[in-house]
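Q: fold the following, please.
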Amino acid sequence: MGSWVGLVALSLAVYDHTHSTLAVSGLLLAWQALPAFVVPAVVARIEISTRRGTLSWLYIFEAAVTAGLAVVLWHFWLPAVLLLAAVDGTAALAANSLLRAEVARVARVGVAAEAGRSSESHEALVRDAERKANAAMNVAFSVSFVTGPVLAGLVVASAGAPAALFIDVGTFLACAVMLLDLYPHIEEEGADSIRARLQAALAHVRAVPALRTLLLVDAVALVLVQAGSPIEVTYVKSTLHGGDGGYGLLVSAWGAGAVLASVVFVRATRRPLGLMLSAGMCALGVAFLGYAVAPTLALACLAALVGGSGNGLDWPSLISLVQQLTPKHLHGRMMGATESLGSVTMAVGLPLGGVLVAVSSTRVAFLILGVGTLITTGVLARLTLLGRRRINVESPDGAPRDSVAPPGDPIHASGLLPREPSHE
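A: Below you'll find the predicted structure:
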């Protein structure tokens, strides 16, 4: 919740001081895109540490930097805002990655005991436990996505952006206290350095074609989705004349859609993940087309509801698929890589959104993004269909083999791609 309060407050503050979509793009680029280049190394470094409370210290660090941002807003200077936003974003992205890995680990703890009372295989129980944990975490994030922007809009309108950021500080400190007992240290033979750990994760991606394909296709879709973020402020305040409160309503409608979809994801644990991922991308494309034609803020919020539902299906499906294709000891680093992928795409998407508005209009920009997202959805749907057929995959030693995933296999069940060789 605090993160969404901070993001909305800073976006509004930067726009109010500069009246520039490109400046808002710069803020999002600094906060969410630039950190992606160092987060995998930060995650690997924390996994080496044997000290307890390392995850909590990340949140304490976030609280301190956010307080600095609040002070800078009183004497606004854009370069300082961008610098602090980049530092804050690095800590936030690393914390999210480690938290996702810890949630999956905790979910697996009870699987051994349950396996003794169940006729299901241990692998199936682990897969279901991780997917349910991701679904539960997605519900929590989606609920905060609804409450955070509303609170930010109200606080910024009544007390200013610095007050909203101090609320953010309080939430980070609360997180630090609650996570004191987590222990993200991972023992790994032959990987005692940051470089060795990063190389192990990279080698895994290279050895699993299904994982590479999944990340590549989703990266293309994320570029288009991220391009819409900086356009929304201008779209609401200049095109629809909705003001600060209207922007908060639009983001909240998106969050409400994410909540509804996250509940659907919780109840659809047997649905193929590839299908859920494709449906989420399609909803995002439809939402952008809705923005392009919506004559009023109310209809734009309806489109945002559809887009939020796409987010609520797309991201947890991707996380679950990546975890199923990754050995357990690499989960932290692969979560860091996945979170970083979402951020790296901002380096292309955010400037793209600013440029589209600069050379056309907000409506034309959303039209282009909507069409592009639907085309990407078609590509993913085709891969999903192909993944159900017999195709050639490459074994770890480079020798091609013809493989069909057996019934009940996690990747076969995902409806995306055939099972890859295990490296664990």
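Q: against residue 271, how distant is residue 251?
A: Separation of residue 251 from residue 271 (C-beta to C-beta, to the nearest Å): 28 Å. For glycine as for every other residue, the C-beta is placed from the backbone atoms N, C-alpha and C.
Q: what about the helices in the stretch 101-250 of the chain?
A: For the stretch 101-250 of the chain, the helices defined by DSSP state H, counting those that start in this stretch cover 111-115, 122-159, 161-178, 194-207, 209-227, 229-234, 243-267.
Q: hey, which of those is tucked in deepest?
A: helix 229-234 (a mean of 24; mean count of other C-beta atoms under 10 Å).
Q: let me know the average pLDDT across it.
A: Helix 229-234 shows a mean pLDDT of 84.
Q: and for stretch 106-121?
A: Rounded mean pLDDT across stretch 106-121 is 63.
Q: quick one on the thing from earlier: looking at the helices of the stretch 101-250 of the chain, which is closest to residue 40?
A: helix 194-207 (5.9 Å; C-beta to C-beta).
Q: output the contacting helices and strands for the closest one.
A: When contacts are defined as 3 or more C-beta pairs under 8 Å, 6 or more residues apart in numbering; DSSP states H and E, helix 194-207 packs onto helix 39-48, helix 209-227, helix 331-359.
Q: tell me which of those helices lies nearest to residue 9.
A: helix 331-359 (18.2 Å).
Q: what's the offset of that closest one from the middle of its chain?
A: 10 Å (C-alpha atoms, centre = their mean, to the nearest Å).
Q: what helices and strands are in contact with it?
A: helix 21-28, helix 39-48, helix 78-109, helix 194-207, helix 209-227, helix 229-234, helix 297-324, helix 362-387.
Q: can I get the ones you listed in JSON lines with distance to residue 137?
A: Converted to JSON lines, the helices and strands packed on helix 331-359 look like this (distance: least, C-beta to C-beta, whole Å):
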{"stretch": "helix 21-28", "distance to residue 137": "23"}
{"stretch": "helix 39-48", "distance to residue 137": "17"}
{"stretch": "helix 78-109", "distance to residue 137": "5"}
{"stretch": "helix 194-207", "distance to residue 137": "21"}
{"stretch": "helix 209-227", "distance to residue 137": "18"}
{"stretch": "helix 229-234", "distance to residue 137": "22"}
{"stretch": "helix 297-324", "distance to residue 137": "8"}
{"stretch": "helix 362-387", "distance to residue 137": "23"}
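Q: quick revisit: tabulate the helices of the stretch 101-250 of the chain (JSON lines), appending distance to residue 379.
A: Compiled in JSON lines, these are given as follows (distance: least, C-beta to C-beta, whole Å):
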{"stretch": "helix 111-115", "distance to residue 379": "35"}
{"stretch": "helix 122-159", "distance to residue 379": "24"}
{"stretch": "helix 161-178", "distance to residue 379": "38"}
{"stretch": "helix 194-207", "distance to residue 379": "20"}
{"stretch": "helix 209-227", "distance to residue 379": "6"}
{"stretch": "helix 229-234", "distance to residue 379": "22"}
{"stretch": "helix 243-267", "distance to residue 379": "22"}
